[in-house]
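K.L.:
Dropping the sequence and predicted coords here.
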Amino acid sequence: MTSVQHWVERFGGANGPARYRRYALGSITSFAVFEAALWVFWLVGSEADGLSLTVVAVLAAAHVWLQIVLCRVGMRHYLGLVRRPYPLVGLYTGVTVVTVAVGCRLEASGRIDGGDLAPYVLWLLMFYSGPPLLALSLRGGALLVATVAAATLIAVAAIGVRGESLALAVGASAFMVPFTALAYRTTGWSVHLVDELAAARVTQARLAVAEERLRFGRDLHDVLGRNLAVVALKSELAVQLARRGKPEAVDQMVEVQRIAQDSQREIRSVVRGYRMVDLHTELAGARSVLDAAGIPCRIEDGPAARLPAEIQSALGWVVREATTNVLRHAQGATRCEVSLRDSTDGTIVLVIENDGTDEGVAAGQGAGSGLAGLRERLVELNGTLTTQARPGGVFRLTVTVPATVPWEEEA
């Protein structure tokens, strides 16, 4: 892993949605840093007296701090985690209005000129416009920002600012204020979308498991429903015949025994069909599902076609379980690779690797019973399953199984 990627992981964490949320919040919070730098530039270049500069510096610092706080709270509101922070929006707007009033007062009293007031107003409105679009509804935030911007520009014109200074304040504000507000709102929308996609991926995996359980349940119902009804009916008839001393009761019980034995065979058939899966189908399904989830999947299935059905079935289950784990746990994955190849010692090696698994999951914690069940299934084929956590959240699953099933070798 490169040094840049290492620091990116340390800053954002291994989890994709959480990492993107931190990056997005950091990007909009950085606007406050730019605002602070521009205020320092304005204060250094201004010719106002010391008291006026001190007042502006205090108000600018308060504005920057409130912008940072409102960005964080506004983002949490946009994601549905907290209520709308009306008091904080009101305080932020009040500081903005007071800062505008101080600037207009300095201009009206001759302590600064129109050339200093134009950037003063532009920067203030531009950086003010973003947080309310996150903390309020789209209509409410846009109306508030437009009202403050219009009132500010009217006040600037009312105190006598004309010419290039007024044109700069109006023109630049008309472009930069909507642009900044849209940038904030779009950032919040993108974070919300990523969270929804992550939740949808988890739901998709759960639905796939639930659908398979329903299918198996339907098959068992179809097999056992009729047979159990017949068993109950014939058992009741046998009881009545036995109470009457009729020899036909024995025939009925023999029939019950036969139906029970048939049911056992049918259940074994259902379970065998449930346990036998097609490797090619599972590989194609894994690629389709992962691609749909935005995780490119590369598959190499060299010896798959010539493997015995039992081995294909076992490896198919491995592919199915690994795909489910990628969907559930590898939320930051950017790739998944499945490689099936022959080994020089006469074994088949299946390697499944992705790069977006949390460290705890990669270490085998919280993985549930899926991997344990796969190991039990592979023991019947003298196979092994190992997992490995690698740097950068990479999770590698390796399965090794003989190329022939044990009972064929014995035969």
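P.N.:
That came in fine, so what should we check first? These numbers come from a predicted model, not from an experiment. Numbers count the residues shown, from 1 in each chain.
K.L.:
May I see the buried residues of stretch 255-265?
P.N.:
255-256, 259, 263 (16 or more other CB atoms under 10 Å). (C-beta placed from N, C-alpha, C; glycine too.)
K.L.:
and if you look at stretch 387-397?
P.N.:
Buried residues in stretch 387-397 (16+ other CB under 10 Å): 387, 389, 392-397.
K.L.:
Ramachandran angles for Asp355?
P.N.:
phi -120, psi 20 (degrees, to the nearest 10).
K.L.:
What ranges does the stretch 201-350 of the chain have for its strands?
P.N.:
297-301, 336-342, 347-354 (DSSP state E, counting those that start in this stretch).
K.L.:
What is the first one packed up against?
P.N.:
Judged by 3 or more CB pairs under 8 Å, 6 or more residues apart in numbering; DSSP states H and E, the packing partners of strand 297-301 are helix 279-292, strand 336-342.
K.L.:
count of neighbours near the closest residue to Pro85 other than its chain neighbours?
P.N.:
Nearest residue to Pro85, sequence neighbours excluded (CB to CB, 6 or more residues apart in numbering): Val73, at 4.8 Å. Using other CB atoms under 10 Å, Val73 is surrounded by 20 other residues.
K.L.:
if you look at the buried residues of stretch 255-265, which of them are in helices?
P.N.:
When DSSP state H is applied, these are split such that 255-256, 259, 263 fall in helices.
K.L.:
Sort out which one of those residues lies nearest Thr180 for me.
P.N.:
Ser263 (71.2 Å; CB to CB).
K.L.:
And the closest residue to that closest one other than its chain neighbours, what's its pLDDT?
P.N.:
Leaving aside its sequence neighbours, Ser263 sits nearest to Asn227 (CB to CB, 6+ apart; 4.5 Å). For Asn227, the pLDDT comes out at 73.
K.L.:
what's the angle from the helix ranked longest in the chain to helix 279-292?
P.N.:
The helix spanning the most residues in the chain, taking DSSP H as the definition, is helix 163-243. Relative orientation of helix 163-243 and helix 279-292, computed by axes from the mean of the first three to the mean of the last three CA atoms, to 10 degrees: 150 degrees.
K.L.:
now the stretch 51-200 of the chain, which segments are flagged as low pLDDT?
P.N.:
114 (pLDDT under 70).
K.L.:
do that again at 90, thanks
P.N.:
In the predicted model of the stretch 51-200 of the chain, residues 51-53, 76-82, 106-119, 123, 156, 159-166, 168-169, 171-173, 191-200 satisfy pLDDT under 90.
K.L.:
Also the stretch 251-400 of the chain?
P.N.:
251-335, 341-347, 354-382, 387-395.
K.L.:
Pull the CA coordinates from stretch 108-124 and hand them back as CSV.
P.N.:
Provided in CSV are the C-alpha atoms of stretch 108-124 (Å, rounded to 0.1, in the frame of the first residue of the first chain):
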residue,chain,number,x,y,z
ALA,A,108,-20.5,55.3,5.7
SER,A,109,-18.1,56.8,8.2
GLY,A,110,-15.3,56.9,5.7
ARG,A,111,-13.0,54.5,7.7
ILE,A,112,-13.0,52.1,4.6
ASP,A,113,-13.8,52.8,1.0
GLY,A,114,-16.0,50.9,-1.5
GLY,A,115,-13.1,49.0,-2.8
ASP,A,116,-12.7,47.4,0.6
LEU,A,117,-16.4,46.9,1.2
ALA,A,118,-17.0,44.9,-2.0
PRO,A,119,-14.8,41.9,-1.2
TYR,A,120,-15.9,42.2,2.5
VAL,A,121,-19.5,41.7,1.5
LEU,A,122,-18.7,39.1,-1.2
TRP,A,123,-16.7,36.8,1.0
LEU,A,124,-19.3,37.1,3.8
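K.L.:
Show me where the stretch 1-150 of the chain has its helices.
P.N.:
Along the stretch 1-150 of the chain, the segments classed as helices by DSSP state H, counting those that start in this stretch run 3-12, 16-45, 50-78, 86-108, 114-128, 130-135, 138-158.
K.L.:
and the second one, how far out from the chain's middle?
P.N.:
For helix 16-45, the distance between its averaged C-alpha position and the chain's averaged C-alpha position is 25 Å (CA atoms, centre = their mean, to the nearest Å).
K.L.:
Tell me which residues of it come out buried.
P.N.:
Result for helix 16-45 [16+ other CB under 10 Å]: buried residues 16-21, 24-25, 28, 31-32, 35-36, 38-39, 42.
K.L.:
cool, and the fourth one?
P.N.:
Neighbour counts over helix 86-108 (16+ other CB under 10 Å) mark 88-89, 92-93, 95-97, 99-100, 102-104, 106-107 as buried.
K.L.:
Model confidence score at the residue lying farthest from the centre of the chain, please.
P.N.:
What lies farthest from the middle of the chain is Gly245; by CA atoms, centre = their mean that is 70.8 Å. Note for Gly245: predicted pLDDT of 84.
K.L.:
how about the nearest residue to the residue nearest the centre of the chain, chain neighbours excluded?
P.N.:
The chain has Ala198 as the residue nearest its centroid, 2.5 Å off, counting by CA atoms, centre = their mean. For Ala198, ignoring the flanking residues on the chain, the nearest one in space by CB to CB, 6+ apart is Pro17 at 4.4 Å.
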